[in-house]
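Curious how this folds, go ahead:
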Amino acid sequence: MKTLLLLIIFFTQTNFSQPNAVYICSSGTSKKYHYKQDCRGLKNCQYKLLKISLDKAVKEGKTLCKWEK
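So this is what the prediction gives:
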């Protein structure tokens, strides 16, 4: 019974959804967003990294980086 209770508490406290904020390269031509600031796909960014909401990135037509799939 204690194990069941602990599992219920764990799953109600754990957020399995996507993050609210993502990272993009501010080059103006970037087409991808990244969950992690140190993503391999951002390695060549010559501009400033911006942290924006996932909703905004999707509305701007950006898609998830292939390294994070």
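
Let's check: the centremost residue of the chain is which one?
Tyr35 (2.5 Å; CA atoms, centre = their mean).

Report whether the expected contact of it with Glu68 is present.
Yes. At 5.4 Å, Tyr35 and Glu68 qualify as touching, with contact defined as CB atoms under 8 Å. To be clear about C-beta, it is placed using only N, CA and C from the backbone, and glycine gets the same treatment.

What number of residues are in the vicinity of Lys48?
Using other CB atoms under 10 Å, Lys48 has 9 neighbouring residues.

residues in contact with the residue nearest to the centre of the chain?
Contact analysis of Tyr35 by CB atoms under 8 Å, 6 or more residues apart in numbering lists Gln18, Pro19, Val22, Tyr23, Leu64, Glu68.

Which secondary structure state is assigned to the closest residue in space to the fifth one that isn't next to it in sequence?
What that stands for is Leu64. Closest residue to Leu64 apart from its sequence neighbours, by CB to CB, 6 or more residues apart in numbering: Tyr33 at 6.3 Å. What DSSP: H, G, I helix; E, B strand; the rest coil gives for Tyr33 is strand.

shouldn't Tyr33 be in contact with Lys56?
No. With contact defined as CB under 8 Å, Tyr33 and Lys56 do not form a contacting pair (9.3 Å).

Same drill for those two, tell me which one is more crowded.
Tyr33 (26 against 14).

got the contact list for that one?
Counted by CB under 8 Å, 6+ apart, Tyr33 has contacts Val22, Tyr23, Ile24, Ile52, Leu54, Ala57, Val58, Lys62, Thr63, Leu64, Cys65.
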